[in-house]
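Novice: can you look at this prediction? I've put the sequence above it.
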Amino acid sequence: MTLSHHPDSTTLTVADLVRAQPAAVRVLQRHGIDFCCGGKRPLAEACALAGVPTDLLLDEVTAAGTTVTLNWAALAPAALCEAVMTRFHAPLAAELPRLLAMAERVLLVHGHKDPDRLEALATTVSALSDELQPHVIAEEAGVFALIRGGDFAAATAQVTALEAEHVAVGGLLLQLRHLTDGFTPPPGACGTWRALYQGLAELEAETHEHIHVENNILFPAIAQTSATA
C-alpha cells in the first residue's frame, strides 16, 4: 500500500490510516508518530516530521497487517464502549496504582542519585493517575452510559470536554517520556527502576491507542449518527 495508490492520497490523515489498517498502531508507535490527539494531521506531514518516508511507513503497515488486530471501526458504538472498558479501562484501575507505587519506591531508594528528575517523575505519574482515574469513571457514567442507551446526541454534546482531557493526558505522557529519556533506565538501575520504565512505556502505548479509538473512531461515529438521526 502506498499513498499514490490510496484513493484519498491527498487527504489521508494518520487517523484514516489507523482506521483502515489497525495494525498501523505499532508501526506509528515505533516511529514516534502521534495517532491519538494528533490523528487529524495529514500522514505525509506526520511522516516528514518523524523523518520517515511515507511509502516506507506504509510498506511496514502492509507487512504488519498479517497480524490479527481488533478492528475497532467494525464495532457498533455500544459494543465499542464495552470493548474499550474491557481492553483499556479495567487494566488502568490496577496498573496506575502499581506504577505510582514503583515511582515512589524508586524516588525513596534512589532519589539521591538524580533527585530533581526522580521527584518530577513521581509527581508526574501521580498527576497522570489523578487525571486518568476520575476521567475513566466519569466517562463510563456519562458518555458511555448515554451511548449504550442510544442517546447519541446527548453523548456528542459531552465529547469536547473529554477530548480536552485527552490532550492533558497526552501532555503528561510526553513529560514522562522526556523525564525517562524515552523510557530508557540508566546504567545500573535496579529491577524496580527497570520495571517502572517498562510499565510506563506500555502505559504510553496503550493510552495512545485508547485515546485514538475514542477520538478518531467512537466519537465521530456517534456524531455522524446523531447528525443523520
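Specialist: Noted; the coordinates are in hand. Note that the structure is predicted; figures quoted are calculated from it, not measured.

Novice: quick one: contacts for residue 105?
Specialist: residue 192 (CB atoms under 8 Å, 6 or more residues apart in numbering). In this view, the C-beta of every residue, glycine as well, is placed from N, C-alpha and C.

Novice: how about the helix or strand harbouring it as PDB, C-alpha atoms only?
Specialist: Secondary structure assigned from DSSP states H and E places residue 105 in helix 90-110. Taking C-alpha atoms only, helix 90-110 is exported to PDB below (Å, rounded to 0.1, in the frame of the first residue of the first chain):
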ATOM      1  CA  ALA A  90     -10.300  -2.100  33.600                       C
ATOM      2  CA  PRO A  91      -6.500  -2.600  33.300                       C
ATOM      3  CA  LEU A  92      -5.900   1.100  34.200                       C
ATOM      4  CA  ALA A  93      -7.600   0.600  37.600                       C
ATOM      5  CA  ALA A  94      -4.800  -1.900  38.500                       C
ATOM      6  CA  GLU A  95      -1.900  -0.500  36.600                       C
ATOM      7  CA  LEU A  96      -1.900   3.100  37.700                       C
ATOM      8  CA  PRO A  97      -1.600   2.400  41.500                       C
ATOM      9  CA  ARG A  98       1.200  -0.200  40.700                       C
ATOM     10  CA  LEU A  99       3.200   2.300  38.600                       C
ATOM     11  CA  LEU A 100       2.700   5.100  41.200                       C
ATOM     12  CA  ALA A 101       3.900   2.800  44.000                       C
ATOM     13  CA  MET A 102       7.000   1.900  42.000                       C
ATOM     14  CA  ALA A 103       7.700   5.500  41.100                       C
ATOM     15  CA  GLU A 104       7.600   6.500  44.800                       C
ATOM     16  CA  ARG A 105       9.700   3.500  45.700                       C
ATOM     17  CA  VAL A 106      12.400   4.400  43.200                       C
ATOM     18  CA  LEU A 107      12.400   8.000  44.500                       C
ATOM     19  CA  LEU A 108      12.700   6.800  48.100                       C
ATOM     20  CA  VAL A 109      15.600   4.400  47.500                       C
ATOM     21  CA  HIS A 110      17.400   6.100  44.600                       C
END
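
Novice: buried stuff in that helix?
Specialist: Along helix 90-110, the positions that meet the burial threshold by neighbour count (16 or more other CB atoms under 10 Å) are 92, 95, 96, 99, 100, 102, 103, 104, 106, 107, 110.
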